[in-house]
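Asker: I'll drop the sequence and a predicted model, then ask my questions.
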Amino acid sequence: MLDQFEEAGLGWFWATDASGRISYLSASAARQLGKSQEEVVGLQISAFFLPDKDGDGDRTERPLAFQLRAKNSIFELPVRIAIADSEIWWSINARPQTDANGDFLGYRGSAKDVTAVRESQLDASRMAQYDSLTGLANRHRMTKRLTSTLAAYQTSKRSCALMMLDLDRFKQVNDTLGHPAGDELLKQVSQRLERIIAGRGEIGRVGGDEFQVMLPDIDDRGRLGEIAHSVIQMISQPYSLDGSRAIIGTSVGIAIAPYDGLETDELVSSADLALYAAKGGGRGQYRFFSSELKDGARLRRQIEEDLRDAILTDQLEVHYQPIVRAADNLATGMEALVRWNHPERGFISPADFIPVAEETNLINAVGEWVLRRACEEATQWPEKLRVAVNVSAIQFASTDLPKLVRSALERTGLEPERLELEITESVFLGDPQGTRAMLKNLKKLGVRLALDDFGTGYSSLGYLSSAPLDKIKIDRSFVVGATDDDSNNAAIITAIVSLAKALKMESVAEGVEAMDELKLLRELGASHIQGWIFSKALSQDELLARIADGGLKFEPSGPAVHRADRRSMYRKVGVIHEDHRYEVVIRNLSKTGAGIEGLLDVPLGTRLVLDLGDGQLVVANVTRSEGYAQGLKFEDSLISDGSDGLCTRHRISPYALAAAGMPLAALPPGHYIPPHQEGGPRKAPAFMQVDMAKTSRAA
Ligand code: C2E
Ligand code: MG
Ligand code: MG
């Protein structure tokens, strides 16, 4: 029986002498090793087995040689054997043999070939680690890799960036073109990602349309911004899916260890918050984590809770901003802009709560309320005056929208021709057919359609010519700066205006504030103007009074020239000079310099360090100095934080802070004094600090 058992390869037997030399091995086992039974006798058994390797990272066995030397019993120990160019695995059992005196005689044991079993185990573990659709790492593997990388990097003081991506509009493609097309899209997205990342890091698909990229040893936010930018660019190129064309976008959040988190959980949640902020800032953006985002998250939860009540308890109002005809300053319509008067917080900007409403589906309730209220109030206006109502892309995706619009018109008796719906370009993404059908259904009701914020989204001229639009609204971002000599905004506006003319649409310039802007936009041929130059949004009462008073004619009034976009601000920051730290107020900030106030008589050419908070230090030279105000030029330019903010490329490293005695942790918010240089007595402060609060009061 034993012979048959051996011959069938079901199991083998082996024995060694006290020095580990083989004294017996089943013939079929010897054959697998490429030898005859006689040849193997006398050879060291451990010589056949390769040193144990840390195969897939999670299984470390004590090597066979060690067990043998220790004369241990061996139970199902997997060992690796190399023959020719392949590798096989045996599982080994053995028991040490002793004589009557207890002296070791050698081993007797059994073995069996487990190569096939191991391979299928490996497959299973590969499946458990990789996403079968795209071949990218799955969430499980990404978490494991992050955790081991971060742990190792902490000891070697290295940094590691994490990018989180979320596809915009993937769901629409999936819903309208079907799941096979959705799958194909995900595959193409992963291929594009692999091409961009190209070995710089590991990519994982961690959810339906969520991806993660781990980028070891990059902490330069300038470089990370460039990578994120090209990721967004590449992913936003059109896809061809089995004959259909689809366009999606992506938002990217970036966090960097050790600055934004030491451990996996912390880093992932920082990157998540950054991603969230990127999505909130309009689609197709990237964003770095900053400690402010944490406060933002708290505020958002609050808004979400309170907004439900706001609708029920009448805290919302609609205000109306005139849209004025460029030719004669007559208002032809009013844009309905929702206002929220929060009982404790006061006025909350729609720019803050509309995005929250969109995420929580409250937008349908808010949108319906605004639509009904605006239609109702418009019936009290002169008949020529239209009302424009913003329709969120989420509302637009709901098949109930035409029904809702019809009901609002019927209930209030407003002429359909007097209602204009403002949609944004984002409705054209994902599902062009569905969008076209929806636009047609809305047009059938007799309402007008305007394309809002034109030029900010994934602009494609293709849909403009085919969509039944009556109006294009040129986004304020083009109007701002159009009067600057070195800006090409004027050329862009000219192009949009002539496009609108060719397509027999009106063109509205949004956000006109200054006289020179108004003049320029008239010259460029915009048919309508909307902006503070004519009026801010008015309450219904103010509007009715205004109309009774001056009719529909609005006179422009505002600053003569638009002031260059210097971000003026009143943020407190630190200035470090020699070994002293001062508090100053920052008045304006650009990539290359800043204006500060608070230090008296600083000589030109003084070298200072500006502490912008959260570990961001900038070396600067004083290039202008007048009393308590200085102009600074930075030695290294700031970079974009992905939205409209600025940040430094590098920050103080938590490793350096730890070396100076602080516990190792991600950078908490606030200011840091850089590790103090030892040696020498402290000098007296070189400058006098002025209390800016008192100065401005005196002024
Ligand atoms: P929008 O539709 O592009 O509206 C124009 C925004 O520009 C309004 O901001 C308006 O107050 C502002 N604006 C107008 N003229 C000027 C100007 O000369 N200078 C500057 N700096 N700003 C000007 P508002 O009211 O804060 O609304 C922000 C955005 O919130 C709107 O942008 C719109 O996208 C959204 N929104 C407002 N009301 C609603 C609503 O009822 N439903 C939906 N879905 N979105 C709304
Ligand atoms: Mg609008
Ligand atoms: Mg707009």
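Answerer: Received it, and whenever you're ready, just let me know what you need. Ligands and ions are numbered 1, 2, ... in the order given.

Asker: For stretch 584-603, list every residue counted as buried.
Answerer: 584-587, 589, 593-599, 602 (16 or more other C-beta atoms under 10 Å). Using the backbone N, CA and C atoms, a C-beta is placed for each residue, glycine as well.

Asker: Now do it, average pLDDT.
Answerer: Mean per-residue pLDDT for stretch 584-603: 92.

Asker: what's next to it, contact-wise?
Answerer: Stretch 584-603 is contacted by residues 566-575, 582-583, 608, 610, 620, 622-623, 625, 627-634, 637-639, 646, 687-692, 695 when judged by C-beta atoms under 8 Å, 6 or more residues apart in numbering.

Asker: how far is that stretch from where the chain is centred?
Answerer: For stretch 584-603, the gap between its own C-alpha mean and the chain's C-alpha mean amounts to 31 Å (C-alpha atoms, centre = their mean, to the nearest Å).

Asker: go on, stretch 544-562?
Answerer: 41 Å.

Asker: same question, stretch 248-267
Answerer: Worked out by C-alpha atoms, centre = their mean, stretch 248-267 lies 9 Å from the chain centre.

Asker: Distance to Ile493 and secondary structure added to the buried residues of stretch 584-603, as CSV?
Answerer: Converted to CSV, the buried residues of stretch 584-603 look like this (distance: C-beta to C-beta, whole Å; DSSP: H, G, I helix; E, B strand; the rest coil):
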residue, distance to Ile493, secondary structure
Val584, 39, strand
Val585, 36, strand
Ile586, 32, strand
Arg587, 31, strand
Leu589, 28, strand
Gly593, 29, strand
Ala594, 31, strand
Gly595, 30, strand
Ile596, 35, strand
Glu597, 36, strand
Gly598, 40, coil
Leu599, 42, strand
Val602, 42, coil
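
Asker: so which of those residues comes closest to Gly20?
Answerer: Among the buried residues of stretch 584-603, Leu589 lies closest to Gly20 (C-beta to C-beta), at 74.1 Å.

Asker: secondary structure class for Lys171?
Answerer: helix (DSSP: H, G, I helix; E, B strand; the rest coil).

Asker: what about it, neighbour count?
Answerer: 16 (other C-beta atoms under 10 Å).

Asker: residues touching the nearest residue to Arg406 once chain neighbours are set aside, list them.
Answerer: Nearest residue to Arg406, sequence neighbours excluded (C-beta to C-beta, 6 or more residues apart in numbering): Leu445, at 5.6 Å. If a contact means C-beta under 8 Å, 6+ apart, then Leu445 has Pro402, Val405, Arg406, Leu409, Pro416 as its contacts.

Asker: How about the secondary structure of the third one?
Answerer: What that stands for is Arg406. Classified using three-state DSSP, Arg406 is helix.

Asker: Quick check, pLDDT for it.
Answerer: With respect to pLDDT, Arg406 has a value of 98.

Asker: Ligand 3 versus that one, what's the distance?
Answerer: Remark: distance between Arg406 and ligand 3 (C-beta to the ion, to the nearest Å) = 25 Å.

Asker: again with the second one
Answerer: Per C-beta to the ion, Val405 is found 20 Å from ligand 3.

Asker: which ones are touching that residue?
Answerer: Val405 is in contact with Leu371, Leu419, Leu421, Leu442, Leu445, Val447, counting by C-beta under 8 Å, 6+ apart.

Asker: Now for the last one, how many residues are close by?
Answerer: For Val447, the neighbour count with other C-beta under 10 Å is 23.

Asker: OK, contacts around it?
Answerer: Val447 neighbours (C-beta under 8 Å, 6+ apart): Val405, Leu409, Pro416, Glu417, Leu419, Glu420, Leu421.

Asker: Could you give the number of residues near the fourth one?
Answerer: Using other C-beta under 10 Å, the number of residues around Glu417 comes to 10.

Asker: ok, for it, nearest residue in space, not its chain neighbours?
Answerer: Glu417's closest residue in space is Gly446 (C-beta to C-beta, 6+ apart), at 5.9 Å.

Asker: The residue in the stretch 151-300 of the chain that ligand 3 sits nearest to sits in which helix or strand?
Answerer: Residue nearest to ligand 3 within the stretch 151-300 of the chain (C-beta to the ion): Gly282, separated by 11.7 Å. In this structure, Gly282 is located outside every helix and strand according to DSSP states H and E.

Asker: again with Leu610
Answerer: With DSSP H and E as the test, Leu610 turns up in strand 607-611.

Asker: and Gly222, how far is that from ligand 2?
Answerer: Gly222 is 34 Å from ligand 2, by C-beta to the ion.

Asker: One more: Gln154?
Answerer: Distance from Gln154 to ligand 2, by C-beta to the ion: 49 Å.

Asker: So that residue sits against Leu267, correct?
Answerer: No: Gln154 sits out of contact with Leu267 when judged by C-beta atoms under 8 Å, with a separation of 11.6 Å.

Asker: the more surrounded of the two?
Answerer: Neighbour tally, Gln154 and Leu267, criterion other C-beta under 10 Å: the higher count belongs to Leu267, 26 against 18.

Asker: how about the nearest residue to Val690 once chain neighbours are set aside, what does it touch?
Answerer: For Val690, ignoring the flanking residues on the chain, the nearest one in space by C-beta to C-beta, 6+ apart is Tyr628 at 4.5 Å. Residues near Tyr628 by C-beta under 8 Å, 6+ apart: Glu597, Gly598, Leu599, Leu600, Val690, Met692, Thr695.

Asker: re the thing from before, for the residue nearest to Glu417, give me its contacts.
Answerer: Contacts of Gly446 (C-beta under 8 Å, 6+ apart): Glu415, Pro416, Glu417.

Asker: again, but for Gln380
Answerer: Counting by C-beta under 8 Å, 6+ apart, Gln380 touches Gln540, Leu544.

Asker: tell me which residues of the strand or helix carrying Lys294 are tucked away?
Answerer: According to DSSP H and E, Lys294 maps onto helix 291-312. Going by neighbour count (16+ other C-beta under 10 Å), the buried part of helix 291-312 is Ser291, Leu293, Arg300, Ile303, Asp306, Leu307, Ala310, Ile311.

Asker: roughly how far is it from the heart of the chain?
Answerer: 20 Å.

Asker: what's in contact with that helix?
Answerer: 273-274, 276-277, 287, 315-316, 340, 342, 348, 352-353, 356-357, 360, 362, 365-366, 369, 614, 667-669.
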